[in-house]
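Asker: what would the 3D arrangement of this be:
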Amino acid sequence: MNLYYMVLTHPNSRLLILLCAMVLLPVSAFAATAKPSCALTVTTSAGTVDTTKKVSVLVTEGDTLRLVWEGKNVKKVIDSERDEVALTGTSTLTVDSSDTYSYRFSAGSKHVDCSVKTVMVEGDIDADALITNDTTPTLSGSASGTKTVRVVVRTSDATNQIVYESKDLKLKRGDWTITLPRALDRGTYQVELHGAKDLKLNTITERTLLIGSGTGSSTTGGSLSISSIPLLTGGAASAGSSVPIAYVQLTNNSARATSITSFRLVQNGTAPAAAVLGFSTSDNLGGSRTMTGGIEGRTPFVNGSAFIPLEATILPGQFRIFTLKAQLSRTSMSYAGTTLMIDVSGVDTNGKINGLLPLRGTTWTLI
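Answerer: Next comes the predicted model:
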């Protein structure tokens with residue numbers, strides 16, 4: 001009785017036949033059924049987006065672009081320069097033009113592509129429209145590199161609640177304008193300028209809108225002297241922590257009450273903007289506290305700069321000391337060894353600022 005007859009006459013002959021076939025087939029027959037796959041994580045100053053195919057993102061000149069790629073069931077990865085790279089890797093570069101970055105993940109004759117197309121867009125919001133007593137303000141500005149823009153107005157607190165969002169606004173000779181259709185309460189708001197909807201991470205810039213100066217009908221204030229109090233030493237900053245970046249003193253030496261609406265900040269360290277997800281302030285009198293941001297995956301930095309909305313009025317002869325803190329992302333540990341060097345580049349006010357700017361902030365090393 002041979003083996004073939006024993007298999008055919010066995011009560012579980014079908015199972016035995018299947019098992020024999022699996023043993024006799026080469027391993028490659030099963031491996032060939034595993035298709036290669038890829039994942040690409042794209043981070044700019046506006047946030048992070050993931051893709052398993054291709055994605056188009058908005059960038060501004062000088063922005064930092066960070067690419068993280070990963071493949072499964074692959075043996076080789078080729079980048080857009082036709083160079084072989086690691087199966088899992090990271091690339092960080094400074095953006096100076098629109099471009100496409102692609103990665104081909106291969107396994108034998110099969111392959112899959114992940115890519116990102118960067119679209120260079122520039123734009124701004126006119127500063128003279130951002131301090132007003134009009135509760136239905138008219139906002140305006142300019143843009144290039146996109147056919148349409150959108151304007152989003154949010155509350156300046158930690159909720160970032162949207163109070164107005166425009167439809168697509170067509171540019172006329174590079175300019176745009178919009179009048180808010182309904183009245184807003186007096187106070188401070190965050191105005192965002194976005195590019196076309198088909199672009200991810202499409203925030204072009206952000207500015208602070210102050211409706212009502214808190215000093216009557218006039219928006220003309222006096223003058224403030226600005227200086228830093230050098231009591232911070234910096235050090236190591238862990239993921240998810242809140243670290244002080246500056247002590248700022250503002251003194252009103254004029255005869256008029258003077259309002260401020262925000263502090264402007266610039267990151268000059270080596271850490272990417274995505275390491276910071278928000279800011280907070282407090283003052284020595286306990287009357288001015290604010291928080292902005294605080295949402296994982298989103299950074300307040302746009303094109304290397306950020307602001308902390310803060311509505312405060314400094315009376316003649318009065319001084320205020322403001323503590324500025326940065327809230328780190330829980331994922332900032334992935335940037336270990338890089339530094340935060342956040343300087344105060346300016347103060348938005350209805351008056352004049354006297355003093356040397358920028359004020360140098362302290363240095364923190366991410367761990």
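Asker: where does pLDDT dip in the stretch 1-150 of the chain?
Answerer: 1-33 (pLDDT under 70).
Asker: at 90 what do you get?
Answerer: Residue ranges of the stretch 1-150 of the chain with pLDDT under 90: 1-35, 44-48, 60-64, 92-96, 108, 124-134.
Asker: ranges for the helices of it?
Answerer: With helices called from DSSP state H, counting those that start in this stretch, the stretch 1-150 of the chain shows them at 3-9, 13-24, 27-31.
Asker: is it correct that Thr281 is in contact with Ala312?
Answerer: No. Contact criterion CB atoms under 8 Å: Thr281 and Ala312 do not qualify, at 9.0 Å. Bear in mind the C-beta positions are built from the backbone N, C-alpha and C, glycine included.
Asker: residue contacts, Arg104?
Answerer: Val77, Ile78, His111, Val112, Asp113 (CB atoms under 8 Å, 6 or more residues apart in numbering).
Asker: out of those residues, what pair is the most spread apart?
Answerer: Farthest apart among the contacts of Arg104 by CB to CB are Ile78 and Val112. That separation is 11.7 Å.
Asker: can you pick out the residue with more neighbours from those two?
Answerer: Val112 (19 against 16; other CB atoms under 10 Å).
Asker: show the contacting residues for the nearest residue to Ala86 once chain neighbours are set aside.
Answerer: Excluding the flanking residues, the one nearest Ala86 by CB to CB, 6 or more residues apart in numbering is Val77, at 6.9 Å. Residues in contact with Val77 (CB under 8 Å, 6+ apart) are Trp69, Gly71, Glu84, Val85, Ala86, Leu87, Gly89, Tyr103, Arg104, Phe105, Ser106.
Asker: tell me how many other residues surround the second one.
Answerer: Under the neighbour criterion other CB under 10 Å, Gly71 is assigned a count of 24.
Asker: against Ser56, how distant is it?
Answerer: Applying CB to CB, to the nearest Å, the value for Gly71 to Ser56 is 21 Å.
Asker: same deal with the fourth one?
Answerer: Using CB to CB, one obtains 22 Å as the distance from Val85 to Ser56.
Asker: quick one: which of those two has more around it?
Answerer: More crowded of Val85 and Ser56, by other CB under 10 Å: Ser56, with 20 against 14.
Asker: surely the more buried one touches Met120?
Answerer: No. Judged on CB under 8 Å, Ser56 makes no contact with Met120 at a distance of 11.7 Å.
Asker: part of a helix, is Leu356?
Answerer: No. Counting by DSSP: H, G, I helix; E, B strand; the rest coil, Leu356 falls outside a helix, being coil.
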